[in-house]
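In: Quick check, what structure comes out for this input:
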Amino acid sequence: MAEQIRVWAPRAERVDLVVPPTGAVPGGGESPADHPMTAAGGGWWTVPAPEGLRDYGFRLDGEDTVRPDPRSRWQPDGVDGPTRRFDPDEYEWGDGAWTGRRLAGSIIYELHVGTFTPEGTLDAAAGKLDHLLSIGVDMVELLPVNAFAGTHNWGYDGVLWYAVQDSYGGPRAYQRFVDACHRRGIGVIQDVVYNHLGAGGNHIPLFGPYLNPTAGGSPWGDSINLDGPDSGEVRRYIVDNVVMWLRDYHVDGLRLDAVHALNDSHATHLLEDIAKRVDALAPHVRRPLSLIAESDLNDPKLITPREAGGYGLTAQWNDDFHHVLHVALTGETEGYYADFGRMSDIAKVLTRGFFHDGTFSSFRGRDHGRPVDTLTTPAWRFLGYAQNHDQVGNRAAGDRLSATLSTDRLAIAAVLVLTAPFTPMLFMGEEWAAATPWQFFTSHTDQFLADATRQGRVEEFARMGWDQDLVPDPQARSTFENSKLDWSEPAGGDHARILGLYRDLAALRRARAELTDPWFGTVDTAFDDDERWLLIDRSGLRIAVNLADEPRTVPLRGPAGPVLLATGPGVRVDGERLVLPPTTAVVLGPAS
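Out: Predicted coordinates:
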């Protein structure tokens, strides 16, 4: 039977497959060939693939504009150009010995392909794997790589979820990157966005009801149609995309963006559908597969097993851990940081998972969250971090912690992240206290959208009291270029000192089983909010932190063990007390 080209377009009365002339270029004068498609039921249209088909698109109801395939794997001429066929099975994988990587015990490294290297490509990123291995990275988490309008973007304006952005190298380069990671023992997590579509170059709502304007919307536009009429095919579109990454590209896990913005009234939530499909796929691909949610709900239902009434996801980001660290380190208390800042806040999150677990949130003006069952929920199911793309890039100037904190305070942040019971996640460049910012950047080709994005950014921060001249223009090429890492920095000075600390912490985490013990019950804390010290006991291995500007004496509640790591000189053990210099952290082994 001849190969069929298929497309779902339930509202169209006529669909044509459009094939550009051989050798044609965008804007060329030769007319394309139209091939009428046949309705196949359920809103699907089919036509036998013309011989030698390479590039194609679809014409809906005789309109002039030719649209790309909603399931396009490759858009070499951008999201408004023709779709190019891509066969993932043509790649010869070299990762046959790869058996996967479990999230438990791993260190995750979040990176943006376009700004991770000067070249901004997947192949260039693969050239930095030795560096990642040197800091103990087990899994890289790529910000979204699906196709977007323009040449550079955070990735959250994607409009073709199946296509890998061509400016990053396209789908074949993506396979090479994953293959290279696996051959070096590094897993890959892909950030995916199923809660909205970007505005620029967005053709797929013209094919069918992918959006549901009546579902309440999200901060980024209309909601995806998860529970309205014809939502079954939209949900299948998403679940098939999940399978594509994990099967065709050998990806080891997905990070699911802003799942609180998924408006779904089904008895079986989309997240549960995804988790069930992934759990069924894992035995087939013969490696563990992870699903990590980003959510601001503080609801452990996401990671509760389905047998216990949850969705059965693997893990979730823990913004409360970020917030308690950020405020303690920086003193910032504006906006959603208002409820945090004490040593006791850090202690609560370390021992109970969330800070807001049914408590009053002043930012929201209501109670927020629900408690974590710390007896049955392992702590590794929460990702802990001091920085990430949102918490840096959504600041007005995209400034990292390194822009305002001393090297000593940055060192304390590193210790708290890498010795916490959570799965640690680092944001690219954090490991050497990168001086480059990571700003909000776009390259919208639609002038109205470009102007609206620029103005919206200025107005957002004007409401917070920022001088508009200090807010970078997201459409300026310089905003993107300024956000690229400077790989000459790690070679010397305080950058080298911080990098050495991250390497030492990664080695310590590998050497000491106490640091990967997953149970909240093995974490004990002591603290003094006034004197600003914190003691964390992890099965006898103790982490002590002094965030004060004066020396502090920390009672150890037992004999001291050997000093395994200190962020600065002058640490002194005095019997069962530890004398810490200002702004210092130390890790003590168990007493013999």
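In: Grab the longest helix from this protein for me.
Out: Assignment by DSSP state H gives helix 493-511 as the longest helix of the chain.
In: What pairs with the next helix or strand after it, parallel or antiparallel?
Out: Remark: after helix 493-511, the chain's next helix or strand is strand 523-528, criterion DSSP states H and E. According to DSSP bridges, strand 523-528 forms sheet pairs with strand 533-538 (antiparallel).
In: Show residues contacting the strand it pairs with.
Out: 343, 346-347, 350, 419, 421, 514-515, 517, 522-527, 542-548, 552, 554-557, 580 (CB atoms under 8 Å, 6 or more residues apart in numbering). Using the backbone N, CA and C atoms, a C-beta is placed for each residue, glycine as well.
In: What average pLDDT does that strand get?
Out: For strand 533-538, mean pLDDT rounds to 98.
In: Give the other helices and strands that the helix or strand following that strand contacts.
Out: Counting by DSSP H and E, the next helix or strand C-terminal to strand 533-538 is strand 541-546. For strand 541-546, the packing partners by 3 or more CB pairs under 8 Å, 6 or more residues apart in numbering; DSSP states H and E come out as helix 407-419, strand 533-538, strand 552-555, strand 577-580, strand 584-588.
In: sorry, back to before: and the longest helix of the chain, average pLDDT?
Out: pLDDT averaged over helix 493-511 gives 98.
In: one step back: buried deepest among the helices and strands packed on strand 541-546, which one?
Out: A comparison of the helices and strands packed on strand 541-546 by mean neighbour count, using mean count of other CB atoms under 10 Å, puts strand 584-588 on top with a mean of 24.
In: For that strand, enumerate the helices and strands it packs against.
Out: helix 407-419, strand 541-546, strand 563-566, strand 577-580.
In: circling back: may I see the helices and strands packed on strand 541-546 organised as JSON lines, with distance to residue 198 added?
Out: Shown next, in JSON lines, are these (distance: least, CB to CB, whole Å):
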{"stretch": "helix 407-419", "distance to residue 198": "32"}
{"stretch": "strand 533-538", "distance to residue 198": "42"}
{"stretch": "strand 552-555", "distance to residue 198": "50"}
{"stretch": "strand 577-580", "distance to residue 198": "49"}
{"stretch": "strand 584-588", "distance to residue 198": "42"}
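In: of these, which approaches residue 153 most closely?
Out: helix 407-419 (27.7 Å; CB to CB).
In: could you check the angle helix 493-511 makes with the closest one?
Out: Orientation check (axes from the mean of the first three to the mean of the last three CA atoms, to 10 degrees): helix 407-419 against helix 493-511 gives 20 degrees.
In: If you count contacts, what does helix 407-419 end up packed against?
Out: Judged by 3+ CB pairs under 8 Å, 6+ apart, helix 407-419 is in contact with helix 319-330, strand 423-427, helix 493-511, strand 541-546, strand 584-588.
In: Pick the most buried one from the ones you listed.
Out: Ranked by mean neighbour count, the helices and strands packed on helix 407-419 are led by strand 423-427 with a mean of 26 (mean count of other CB under 10 Å).
In: Output it as PDB, restricted to C-alpha atoms.
Out: C-alpha atoms of strand 423-427 as PDB (Å, rounded to 0.1, in the frame of the first residue of the first chain):
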ATOM      1  CA  THR A 423      17.500  16.400  43.600                       C
ATOM      2  CA  PRO A 424      19.900  19.300  42.900                       C
ATOM      3  CA  MET A 425      19.500  21.400  39.700                       C
ATOM      4  CA  LEU A 426      22.100  23.900  38.500                       C
ATOM      5  CA  PHE A 427      21.500  26.700  36.000                       C
END
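In: what's the angle from it to helix 319-330?
Out: Interaxial angle of strand 423-427 relative to helix 319-330 (the same axes, to 10 degrees): 60 degrees.
In: buried ones in stretch 260-270?
Out: Across stretch 260-270, burial judged by 16 or more other CB atoms under 10 Å covers 261, 262, 263, 264, 269, 270.
In: Greatest separation within those residues: which pair is it?
Out: Greatest spacing in the buried residues of stretch 260-270, by CB to CB: 261 and 269 (13.0 Å).
In: Can you tell me the number of residues neighbouring residue 478?
Out: Residues contacting residue 478 under the criterion other CB atoms under 10 Å number 11.
In: could you say which helix or strand contains it?
Out: helix 477-482.
In: Please point out which parts of that helix sit buried.
Out: Neighbour-count burial for helix 477-482 [16+ other CB under 10 Å]: 479, 480, 482.
In: can you list contacts of the longest helix of the chain?
Out: With CB under 8 Å, 6+ apart as the test, helix 493-511 has contacts from 107, 134-136, 407, 410-411, 414-415, 418-419, 424, 426, 431-435, 489-490, 515-516, 564-565, 567, 587.
In: next one: stretch 359-375
Out: Taking CB under 8 Å, 6+ apart as the rule, stretch 359-375 contacts 297-300, 304, 335-336, 338-339, 351-354, 356-358, 520-521.
In: Narrow those to those in helices?
Out: When DSSP H is applied, these are split such that 351, 352 fall in helices.
In: residue contacts, the spatially closest residue to residue 490 that is not a sequence neighbour?
Out: Spatially, and ignoring its direct neighbours in sequence, residue 490 is nearest to residue 432 (4.1 Å; CB to CB, 6 or more residues apart in numbering). Contacts here follow CB under 8 Å, 6+ apart; on that basis residue 432 touches 489, 490, 495, 496, 498, 499, 502.
In: contacting residues for the first one?
Out: Yep, that's residue 489 we're talking about. 432, 434, 435, 436, 495.
In: any chance of those in JSON lines, plus distance to residue 398 and secondary structure?
Out: Compiled in JSON lines, these are given as follows (distance: CB to CB, whole Å; DSSP: H, G, I helix; E, B strand; the rest coil):
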{"residue": "432", "distance to residue 398": "17", "secondary structure": "helix"}
{"residue": "434", "distance to residue 398": "12", "secondary structure": "coil"}
{"residue": "435", "distance to residue 398": "12", "secondary structure": "coil"}
{"residue": "436", "distance to residue 398": "9", "secondary structure": "coil"}
{"residue": "495", "distance to residue 398": "19", "secondary structure": "helix"}
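In: show me the contacts for residue 225.
Out: Counting by CB under 8 Å, 6+ apart, residue 225 has contacts 209, 210, 211, 212, 215, 231, 234.
In: change it to 7 Å
Out: If a contact means CB atoms under 7 Å, 6 or more residues apart in numbering, then residue 225 has 209, 210, 211, 212, 231, 234 as its contacts.
In: Looking at the helices and strands packed on helix 407-419, which is nearest to residue 80?
Out: Of all the helices and strands packed on helix 407-419, it is strand 423-427 that lies closest to residue 80, at 32.1 Å by CB to CB.
In: ok, then the element right after the closest one?
Out: Following strand 423-427 toward the C-terminus (DSSP H and E): helix 447-462.
In: and that next one, what does it pack onto?
Out: Helix 447-462 sits against no helix or strand, with contacts defined as 3 or more CB pairs under 7 Å, 6 or more residues apart in numbering; DSSP states H and E.
In: Mind listing what's buried along it?
Out: 449, 450, 453, 454, 457, 461.
In: Need the nearest residue in space to the second one, chain neighbours excluded.
Out: Distances taken as CB to CB, 6+ apart place residue 444 nearest to residue 450, at 4.2 Å, with adjacent residues excluded.
In: From residue 113, how far out is that neighbour?
Out: Going from residue 444 to residue 113 by CB to CB, to the nearest Å gives 19 Å.
In: now residue 47
Out: In this view, residue 47 and residue 113 are 35 Å apart by CB to CB.
In: more crowded one of the two?
Out: Set residue 47 next to residue 113 and count neighbours by other CB under 10 Å: residue 113 wins out with 26 against 19.
In: Need the pLDDT of residue 575.
Out: Listed pLDDT for residue 575 reads 88.
In: So what's the residue count around it?
Out: Neighbours of residue 575 using other CB under 10 Å come to 9.
In: for the nearest residue to it once chain neighbours are set aside, what are its contacts?
Out: With CB to CB, 6+ apart as the criterion, residue 575 has its nearest non-adjacent residue at 7.8 Å, and that residue is residue 560. The contact partners of residue 560, by CB under 7 Å, 6+ apart, come to 573, 576, 578, 588, 591.
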